[in-house]
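Engineer: Dropping the sequence and predicted coords here.
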Amino acid sequence: LKGATLHNLKGIDVRIPVNRLTVVSGISGSGKSSLVRGVLVPAVRDGLTRKAKSKQKPTDYDSIRGLEPLGAVLEVDQSPIGKTSRSTPATYIKVLDEIRNVFAQLPEARVRGYSASRISFNTEGRRCENCTVQGGIKLEMSFLPASYMPCEECGGKRYNPPTLEVTYNSKSIGDVMEMTVEQAAEFFGAHPKIKRSLDLLAETGLGYLQLGQPSPTLSGGEAQRIKLVTQLARRSTAKAEAIRTTRVGKPTLYVLEE
């Protein structure tokens with residue numbers, strides 16, 4: 001990357017090796033974010049998508065070379081993955097969709113006419129309406145932070161009793177959402193799609209998280225790793241790779257914030 005000029009960057013040149021983990025460090029205000037997020041990521045993205053006949057000239061750098069080995073660039077930041085209790089690690093990485101399909105295929109579910117949509121936080125008549133999927137009742141405390149009491153209707157399971165009566169290997173969907181990632185990976189060992197995503201979470205050090213843990217309670221680092229796992233899981237399918245990359249079959253440049 002030559003001639004990077006943005007904010008306090010004054011025409012600097014940078015060489016970044018491929019097939020390596022590269023760390024950009026420096027004191028506050030030295031231009032790390034300006035270089036990586038402000039110049040490098042847009043430059044790589046433009047270089048991979050710009051048409052050969054385009055006359056458009058970059059404004060924050062002079063030129064960039066060496067993009068041939070790359071198929072795409074993906075930035076993973078630490079912004080929250082969800083703002084409500086309905087957002088969980090399981091919903092974000094789409095593994096809950098597969099789990100719901102498993103429960104929908106059970107004989108008891110078929111007899112009752114339950115589809116995968118029955119096992120949803122967002123469907124009235126399936127979820128616990130007493131706590132509206134919070135798992136507890138919020139108590140406003142004067143001069144103190146809000147407190148929560150376990151919901152008497154669902155016992156914190158967040159689904160209504162009929163939904164919880166359908167079990168897989170003696171576990172209801174409520175029980176599954178209380179499992180840690182490592183426990184769930186073992187429990188769904190016979191289901192490759194589910195196990196693959198959960199194994200990726202465990203490999204990034206998130207094996208201790210509960211599948212149903214509300215996203216707002218996750219730290220920035222936990223949220224970032226979940227985002228990374230989501231992208232790695234998607235790239236394992238040809239369809240997703242065709243969407244995510246401009247050059248199918250070539251590696252992705254991952255840019256991780258802090």
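Structural biologist: Now that the structure is in, tell me what you want to look at.

Engineer: quick one, helices of the stretch 151-258 of the chain?
Structural biologist: Assigned by DSSP state H, counting those that start in this stretch, the stretch 151-258 of the chain shows helices spanning 161-164, 173-177, 181-187, 192-203, 220-234, 238-244.

Engineer: measure Leu209 to Ala223 for me?
Structural biologist: Note on Leu209: its distance to Ala223, by Cβ to Cβ, to the nearest Å, is 11 Å. Using the backbone N, CA and C atoms, a C-beta is placed for each residue, glycine as well.

Engineer: Tell me which of the helices of the stretch 151-258 of the chain sits nearest to Pro42.
Structural biologist: Nearest to Pro42 among the helices of the stretch 151-258 of the chain is helix 238-244 (17.2 Å), distances taken as Cβ to Cβ.

Engineer: for the stretch 151-258 of the chain, what are the low-confidence residue spans?
Structural biologist: 153, 155-156, 235-248 (pLDDT under 70).

Engineer: could you redo the last one with a cut-off of 90?
Structural biologist: The stretch 151-258 of the chain contains residues with pLDDT under 90 at 151-165, 173-174, 193, 212-221, 223-225, 227-252, 254, 256-258.

Engineer: What sits closest to the spatially most central residue of the chain if chain neighbours are left out?
Structural biologist: When Cα atoms, centre = their mean is applied to the chain, the residue found nearest the centroid is Lys227 (3.2 Å). Excluding its sequence neighbours, the residue lying closest to Lys227 (Cβ to Cβ, 6 or more residues apart in numbering) is Val76, at 4.9 Å.

Engineer: Local confidence estimate at that neighbour?
Structural biologist: For Val76, the pLDDT comes out at 83.
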